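>>> what's the 3D shape of this:
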Amino acid sequence: MEYQISTDADAKPFRARPYYEVSKKFHSQINDTLVAEIISESDGSQFVCPIVMAKKSSVEWRFCVDMKILNAMIPYITNCL
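Okay, here's the model as predicted:
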């Protein structure tokens, strides 16, 4: 699935740095999602957000993307379909 995100006209591309060093568990989860074709390697996106591992209420970890910077560049939608 591909999706185009419309940003504000004055939005500049950014490449946010990771928050912390990537662990083995993190690499394992990335490989699992790549093999399952849930995610794919980027062809050089202009907007790069850091990946975060959030602990679930169980003992597992959730793979998340911190998109706060990108969300600030997207116009607020007032009318929903």
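>>> Mind checking the pLDDT average for the helix ranked longest in the chain?
In the chain, assigned by DSSP state H, the helix with the most residues is helix 24-35. Average pLDDT, helix 24-35: 82.
>>> same question, stretch 69-79
74.
>>> what's near enough to touch the residue nearest the centre of the chain?
Centre of the chain computed as the mean C-alpha position; nearest residue by CA atoms, centre = their mean is Val65, 3.4 Å away. Under the criterion of CB atoms under 8 Å, 6 or more residues apart in numbering, the neighbours of Val65 are Cys49, Pro50, Ile51, Val52. Yep, even glycine has a C-beta here, placed from its N, CA and C like the rest.
>>> rerun that using 7 Å as the cut-off
Cys49, Ile51 (CB atoms under 7 Å, 6 or more residues apart in numbering).
>>> what sits against the closest residue to Tyr19 other than its chain neighbours?
Distances taken as CB to CB, 6 or more residues apart in numbering place Pro50 nearest to Tyr19, at 5.4 Å, with adjacent residues excluded. By CB under 7 Å, 6+ apart, the contact list for Pro50 reads Ala16, Arg17, Pro18, Tyr19, Asp66.
>>> Share the number of residues neighbouring the third one, please.
Okay, so that is Pro18. 13 (other CB atoms under 10 Å).
>>> Under a three-state scheme, what state does it occupy?
The three-state assignment at Pro18 reads coil, by DSSP: H, G, I helix; E, B strand; the rest coil.
>>> distance of it from Arg62?
17 Å (CB to CB, to the nearest Å).
>>> before we move on, what about the second one?
Remark: distance between Arg17 and Arg62 (CB to CB) = 21 Å.
>>> out of those two, which sits in the busier spot?
Arg62 (11 against 6).
>>> So that one is in contact with Ile51, correct?
No: Arg62 lies out of contact with Ile51 (CB atoms under 7 Å); the separation is 11.0 Å.
>>> between the strand or helix carrying Met53 and helix 24-35, how big is the angle?
Following DSSP states H and E, one finds Met53 within strand 51-55. Computed by axes from the mean of the first three to the mean of the last three CA atoms, to 10 degrees, the angle separating strand 51-55 from helix 24-35 equals 110 degrees.
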